[in-house]
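> My questions are about this predicted structure, shown below with the sequence.
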Amino acid sequence: MRSNTVGWLMLAPTIAILGIFGIIPFIYVLYVAFHQWNPFGASPDMIYNGANNFRRLVFDAEFLTSIAFTMKFAFFAVLSEIALGYLLAQLFMKEFPGRGFFRTIHTLPLIVAPIVVGSVWRLMTTPSIGIIPYLLRNWFGYDLNIGRDATTAFTLTVIMDIWHWTPLVTLTLLAALLALPKEPFEQAQIDGANRRQIFWHVTLPMIRPAILATVFIRLMDALRTVDEVWMLTSGGPGAATRYVGLHIWKIVFPKTDYGYGAAISVIVLYLTLVMCWLLYVALVARRERKRTF
Amino acid sequence: MPGRNPLLYVALWLLLSLLTLFPIYWLFVISVKPAVDLFTTPSLFLDVIYWKNYVNVLGNETLRGYMLNSMIISSGNAVLVTVLAFMACYALSRFDLAGKENIFFWTITNRMAPAAVFLLPFFLLFTQIITFGDWKLYDTKIGMILLYCTFNLPFAIWTLRPTIDGIPKELDEAATVDGASTWQVIHEVIFPLARPGLAVTLILTWVFAWNEFLLAATLTSFNARTITTGLSEYVTTTGTEWGAMAAIAVITLIPALVIFAVVQRHIVAGLTFGAVKE
């Protein structure tokens, strides 16, 4: 067994960088969360006000609605992306002409900046000028109006997210599938397992760590998305797509209510953490249990 | 699922490619239209191509400087993050470190923070806390390279770890028995086998850094200003200049495309991966 010192030395730079750029700002936000602070308002000084900011957010209907919307958005977007991404990754496992070319094409949405994605989708879907409402009206007689209907606006933000991020899921799952050994599959085929059985009992358990990592990354990013939806719907119609990242932004920037914004951030960070931790524990525990049998 | 006929896959992918490409095609359409035509009846195909937006953008020296900054920052960040993540994943995978699973989980918590509120602490960190005499991190490329580690490094560690874990430990052990040092094991056993995973990590990290907007807009002014920030200057001004914005957006896609085309080969090289391990 080699000395663990080498291992610690290899982890040290990561810990140092994330410590400086992660922990220091977090401590600062935590400190601000317990103060009333509106640096550009009538009283620019930081005033300690205990847990008042936290008490306030429990009764903030806008905040609670935005949390509910965020959860719904993350659930539908991430679930679709994982299912679709896995299917596409499997399609890329087969040999066919032009596979590399199609893989590059499929990866393209990833390289478009979120702010551009939001802008283009907005231009495509704005009722009077967009190509999509125009075609839907001419071809199917369907009237698409994201400025009026909350459900349509919500669905569109989910579709945009799927368009933008499914390629990421496809890539990570493809990398995982490519790294799998062949023997278990051959063995399962010899044992007469059908496709579905192979999927549930061979493929899925082996790529579970990759799926887990992907769900995490997508979930936490979906929970904190700002630029894209802001560009697409500006949070509307009404507050139908104003999820929590946008809500925080509105409190911190136009209103410059830093203390309250910090308190909401702490809570959102905490909720994200708890959700991810529970998911992590549940899946790791399940894997461990299987191993002991 | 289509059957065994490869042509069915091609047909299916052609269809999927249409869906994938349409918004990008539309971005191009906007970039080659004069502003007045944007708000008339939309049509699927272009009749006249108007290159003026590209001429304006490429002739702008400031924007060219922003592109160079973006190139330096995202490349620097991608290389730094991939190297650090590779080291960290190797340590997490091969050493029996106390509390390493907690450290692994902690790294990802750095990506969970809602950006809007962390802007202010980052700003203070960059202008007041981390300073050496007159020198500060604000508006420096090195500052942005380090800062982007907060969301890219956790991402890289989490996507890379399954790859490193998937390389059988027996290979390291065999090499060690043959007298290889830790460095030789990493260099000659782990690195070649992890290459497809590393390639994916490297390109994605590069792209995320290239596309980042909010932090760059707050923490740079000129010397380290990036192209997405330059692009947003067209978005936020009154009466958004969609044409110029779309032209910049199309131009920013090109380096990313070239990098993808180059790295694609390495991902395909991963196809022999299973065979190598047998």
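Cool, got the structure.
> How are the strands of chain B distributed by residue range?
Along chain B, the segments classed as strands by DSSP state E run B:131-132, B:135-136.
> mean pLDDT lowest for which of those?
Of all the strands of chain B, the minimum mean pLDDT falls on strand B:131-132 (a mean of 86).
> what lines up beside it in the sheet?
Sheet pairing of strand B:131-132 (DSSP bridges) gives strand B:135-136 (antiparallel).
> and the closest residue to chain A within chain B, how many neighbours?
Closest contact between chain B and chain A, by C-beta to the nearest C-beta, is at residue B:95 (3.0 Å). Yep, even glycine has a C-beta here, placed from its N, CA and C like the rest. Residues lying near residue B:95 (other C-beta atoms under 10 Å in any protein chain shown) number 19.
> Report the spatially closest residue to it, excluding sequence-adjacent ones.
residue A:7 (3.0 Å; C-beta to C-beta, 6 or more residues apart in numbering or on different chains).
> Residue B:63 now?
Nearest non-adjacent residue to residue B:63 (C-beta to C-beta, 6+ apart): residue B:230, at 5.4 Å.
> Quick one: neighbours of the one you found, just the number.
Residue B:230: 24 neighbours (other C-beta under 10 Å).
> close enough to count as contact, it and residue B:64?
No. Residue B:230 lies out of contact with residue B:64 (C-beta atoms under 8 Å); the separation is 9.9 Å.
> which residues touch the closest residue to chain B within chain A?
Nearest residue of chain A to chain B, counting by C-beta to the nearest C-beta: residue A:7, 3.0 Å away. Neighbour list for residue A:7: B:91, B:94-95, B:97 [criterion: C-beta atoms under 8 Å, 6 or more residues apart in numbering or on different chains].
> out of the residues you listed, what pair is the most spread apart?
Spanning the widest gap among the contacts of residue A:7 are B:94 and B:97, at 9.7 Å by C-beta to C-beta.
> of those two, who's got more company?
Between residue B:94 and residue B:97, counted using other C-beta under 10 Å, the more crowded position is residue B:94 (21 against 16).
> Please report how far the residue nearest to residue B:63 lies from residue B:224.
Remark: distance between residue B:230 and residue B:224 (C-beta to C-beta, to the nearest Å) = 12 Å.
> swap in residue A:102?
Counting by C-beta to C-beta, the gap from residue A:102 to residue B:224 is 37 Å.
> now do residue A:125
Taken as C-beta to C-beta, the span from residue A:125 to residue B:224 is 34 Å.
> try residue B:29
Counting by C-beta to C-beta - residue B:29 and residue B:224 are separated by 32 Å.
> Helix, strand, or coil at residue A:193?
The local conformation at residue A:193, judged by DSSP: H, G, I helix; E, B strand; the rest coil, is coil.
> Let me know whether it touches residue A:200 as I believe.
No. Using C-beta under 8 Å, residue A:193 is not in contact with residue A:200; the gap is 9.5 Å.
> more neighbours, those two?
Neighbours per residue (other C-beta under 10 Å) separate residue A:193 from residue A:200, with residue A:193 holding more: 16 against 11.
> Any figure for the gap between that one and residue A:184?
10 Å.
> and what of residue A:245?
Residue A:245 is 41 Å from residue A:184, by C-beta to C-beta.
> nearest spatial neighbour of residue A:172, skipping sequence neighbours?
Excluding its sequence neighbours, the residue lying closest to residue A:172 (C-beta to C-beta, 6+ apart) is residue A:214, at 4.8 Å.
> Give the residue spans of chain A that score low on pLDDT.
Low-confidence segments of chain A (pLDDT under 70): A:1-2, A:283-293.
> Break down it into its strands, ranges please.
For chain A, the strands defined by DSSP E cover A:35-36, A:47-48.
> helices and strands around the first one, which ones?
Helices and strands in packing contact with strand A:35-36 are listed as strand A:47-48; criterion 3 or more C-beta pairs under 8 Å, 6 or more residues apart in numbering or on different chains; DSSP states H and E.
> go on, the last one?
In this structure, strand A:47-48 packs against strand A:35-36, with contacts taken as 3+ C-beta pairs under 8 Å, 6+ apart.
> chain center to the strand it packs on, what's the gap?
Here strand A:35-36 is found 30 Å from its chain centre; the criterion is C-alpha atoms, centre = their mean, to the nearest Å.
> contacting residues around it?
Residues external to strand A:35-36 that are found in contact with it (C-beta under 8 Å, 6+ apart): A:43, A:46-49, A:52-53, A:259.
> how deep is residue B:178 tucked in, by neighbour count?
Residue B:178 has 9 nearby residues by other C-beta under 10 Å.
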